[in-house]
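> coordinates only, sequence not included:
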């Protein structure tokens, strides 16, 4: 800094005084802008939450620095994940801001049969979902998600995938991803997944919980009648499992970003299956070969879509 001021003094001897004053004013403005640039309130809030739960993340029982929560009421379900990932913001932004990459993440889920980016709107994803492996995707209108990029900067990411209506009369579906940078090439991410339900969806949910979903739990803990900690279950378990599936899919997309199609999705499918099988009580659905064969077929259909 001392040399900087010496250079300015020397410069004053070489140029007219008015020009020198103008250059000084311009230089001071640049330094002030850099010195007083502050993070957005949203980034500050996320940073504050990281500091609040940092110790819990270090001792997370979920095999990674991750915390998951959920809420439910009569007609609304939501789940959220806070996690530290070993990826820089530039890589996270490149995936999160891409409709095509989100389609690949969506397609990893076992109940997603197809996902294409709309030809008329590159920020719209047309997603076909069904709990039935043999369902005819042409007989059911796809759910249209819109990708909204609210902030995509080196120091703060905030994107939303939103749909007005979804399968089984679900409404106001929102998948919100936020992130801030940490030290050593890491980032802190917040994934929030929520939707509203109606009577048809609630009836279908109860049927699922009594059949295929029987015995499955979520990831967070509650207390039983004796005050002992026990895994969350029921509809909160469902929303936690789905939130985790999206998170694991996005993390696989980050890990394999540099690969080209179609090898990228094939590797993402293998990655996603390996990650969900780390939580068999919550996330196991089918055998590896069955899942990979199913996704290979669906991805082939995805690539051949107009």
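Cool, got the structure. Keep in mind the model is a prediction, meaning the values are calculated, not measured.
> what segments of the stretch 1-150 of the chain are strands?
66-73, 76-85, 112-117, 124-129, 143-152 (DSSP state E, counting those that start in this stretch).
> report the longest helix in the chain, please.
The residue-count maximum for a helix in the chain (DSSP state H) belongs to helix 234-255.
> rounded mean pLDDT for that one, please.
Mean pLDDT, taken over the full extent of helix 234-255, equals 96.
> and residue 243, what is it in contact with?
Residue 243 is in contact with 68, 70, 79-81, 191, 193, counting by C-beta atoms under 8 Å, 6 or more residues apart in numbering. Quick note: C-beta positions are derived from backbone N, CA and C, even for glycine.
> now for those: which two are most distant?
Across those, the longest distance by C-beta to C-beta is 12.3 Å; it joins 70 and 191.
> and for those two, which residues touch both?
Joint contacts of residue 70 and residue 191 (C-beta under 8 Å, 6+ apart) are 80, 243.
> neighbour count for those two, which is higher?
residue 70 (24 against 21; other C-beta atoms under 10 Å).
> for the stretch 201-306 of the chain, just list every one of the strands.
Counting by DSSP E, counting those that start in this stretch, the stretch 201-306 of the chain has strands at residues 221-223, 229-231.
> residue ranges with poor pLDDT in the stretch 151-300 of the chain?
In the predicted model of the stretch 151-300 of the chain, residues 199-202, 205-206, 208-213 satisfy pLDDT under 70.
> quick one: the helices in it?
Defined through DSSP state H, counting those that start in this stretch, the helices belonging to the stretch 151-300 of the chain, from first to last, are 199-210, 234-255, 263-276, 280-283, 288-303.
> number of residues surrounding residue 230?
12.
> name the residues linked to it by a beta bridge.
Under the criterion DSSP bridges, residue 230 forms beta bridges with residue 222.
> residue 244 versus that one, what's the distance?
18 Å (C-beta to C-beta, to the nearest Å).
> hang on, the earlier thing: just name the most buried of the helices of the stretch 151-300 of the chain.
Across those, the average number of neighbours (mean count of other C-beta atoms under 10 Å) peaks for helix 234-255, which reaches a mean of 22.
> for that helix, what is the distance to the chain centroid?
Using C-alpha atoms, centre = their mean, to the nearest Å, we find the averaged C-alpha position of helix 234-255 to lie 9 Å away from the chain's own average C-alpha position.
> likewise stretch 290-299?
For stretch 290-299, the gap between its own C-alpha mean and the chain's C-alpha mean amounts to 23 Å (C-alpha atoms, centre = their mean).
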